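> Next one to model:
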Amino acid sequence: MLNKIHTSVGQALQGIHDGATILVGGFGGAGLPFELVHALIDHGAKHLTIVNNNSGTGTDGLAALVDAGRVAKMICSFPRAADPRSDPNIFQRWYRAGKIELEVIPQGTIVERLRAAGAGIGGFYTRVGAGTVMAQGKEVREINGKEYVLEQPLHGDFALIKGMSADRWGNIIYHKAARNFNPVMAMAATTTIAQVSDVVALGALDPEHIVTPGIFVDRVVQIAPEARN
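Predicted coordinates for the structure are as follows:
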């Protein structure tokens with residue numbers, strides 16, 4: 001019987017190794033798998049490359065992972081937080097001290113690089129970044145008289161995502177805007193680990209509402225819902 005439900009967060013994170021590239025879903029706090037991220041701190045893996053929309057806000061979630069010294073490189077679109085809880089911003093402090101590497105990718109480009117990885121696409125050309133420092137070291141091609149930059153797929157060894165409900169096959173639905181980066185990251189990783197608020201029986205999820213099919217999910221752990229979405 002196929003059953004992807006794990007009984008503990010620690011069990012779900014087994015196999016995450018030092019130096020892994022981990023895709024972390026969420027946009028700010030919405031859809032961020034806080035409990036998985038904090039369990040990753042307890043797990044102990046280090047020298048990680050983290051891919052997320054931002055570099056963490058406040059003192060929990062990704063900010064806590066950075067402050068624990070587990071992140072060697074951050075790949076994100078927004079490395080600065082406009083959150084008063086983030087003063088001083090934990091990531092900025094580590095970055096200015098030369099203890100963490102940063103790669104900034106425009107938001108639309110980071111999503112398309114993830115989608116390319118999930119779809120098996122070898123790369124794509126975009127006008128975003130052409131003629132700027134973002135294009136340095138990348139192939140540039142003229143198409144219809146305009147410069148385009150070649151961007152490569154962005155794969156992950158693991159993806160940590162947050163859904164609302166799942167069944168034992170790993171089919172997942174999301175809570176409104178908490179959907180954001182989670183579905184595309186699930187497709188782009190070798191191993192996808194999902195935390196959800198509810199585990200339901202097979203057939204309880206409307207097939208038309210399933211956003212992430214179970215074929216893209218390897219492990220599911222149920223965590224009681226909180227105020228966070």
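
> Please name the residues that touch the most centrally placed residue in the chain.
Nearest to the mean C-alpha position of the chain, by CA atoms, centre = their mean, lies Val24 at 2.3 Å. Neighbour list for Val24: Leu32, Pro33, Val37, Ile50, Val51, Asn52, Leu62, Ala159, Leu160, Met185 [criterion: CB atoms under 8 Å, 6 or more residues apart in numbering]. Placement of C-beta: from N, CA and C, glycine included.

> And the biggest helix by length in the chain, what does it pack against?
Ranked by residue count, the top helix of the chain under DSSP state H comes out as helix 107-119. Helices and strands touching helix 107-119, by 3 or more CB pairs under 8 Å, 6 or more residues apart in numbering; DSSP states H and E, are strand 124-126, strand 146-151, helix 182-188.

> what's the average pLDDT for stretch 37-47?
The average pLDDT for stretch 37-47 rounds to 96.

> Measure how buried the closest residue to Gly25 other than its chain neighbours is and give me the count.
Spatial nearest neighbour of Gly25, chain neighbours left out: Asn182 (3.6 Å); criterion: CB to CB, 6 or more residues apart in numbering. Number of residues near Asn182 (other CB atoms under 10 Å) recorded here: 27.

> Quick check: the gap between Asn182 and His17.
Asn182 sits at a distance of 22 Å from His17 (criterion: CB to CB, to the nearest Å).

> quick one: the strands in this structure?
In the chain, the strands defined using DSSP state E lie at 5-6, 21-24, 48-51, 71-76, 101-104, 124-126, 140-143, 146-151, 156-162, 165-166, 172-173, 189-196, 198-199, 219-222.

> Show me which residues of the longest helix of the chain are buried.
By 16 or more other CB atoms under 10 Å, the buried positions in helix 107-119 come out as Thr109, Ile110, Val111, Glu112, Arg113, Leu114, Arg115, Ala116, Ala117, Gly118.

> For the residue nearest to Gly25, give its distance to Leu160.
Here the criterion is CB to CB. By it, Asn182 lies 9 Å from Leu160.

> any residues in contact with both of these two?
Common contact partners of Asn182 and Leu160 (CB under 8 Å, 6+ apart): Gly25.

> Pick the most buried one from the helices and strands packed on helix 107-119.
Highest mean neighbour count among the helices and strands packed on helix 107-119 (mean count of other CB atoms under 10 Å): helix 182-188, with a mean of 26.

> Distance from the chain centre to that one, please.
8 Å (CA atoms, centre = their mean, to the nearest Å).

> Now do that helix, average pLDDT.
Across helix 182-188, the average pLDDT comes to 98.

> so what secondary structure elements neighbour that helix?
Counting contacts by 3+ CB pairs under 8 Å, 6+ apart, helix 182-188 packs against strand 21-24, helix 107-119, strand 156-162, strand 189-196.

> next one: the second one to chain centre, how far?
Centroid separation for helix 107-119 versus its chain: 11 Å, with CA atoms, centre = their mean.

> Report the rounded mean pLDDT for it.
Mean predicted confidence for helix 107-119 is 97.

> Now Val184: closest residue in space that isn't a chain neighbour?
Closest to Val184 by CB to CB, 6+ apart is Leu114, at 4.6 Å.
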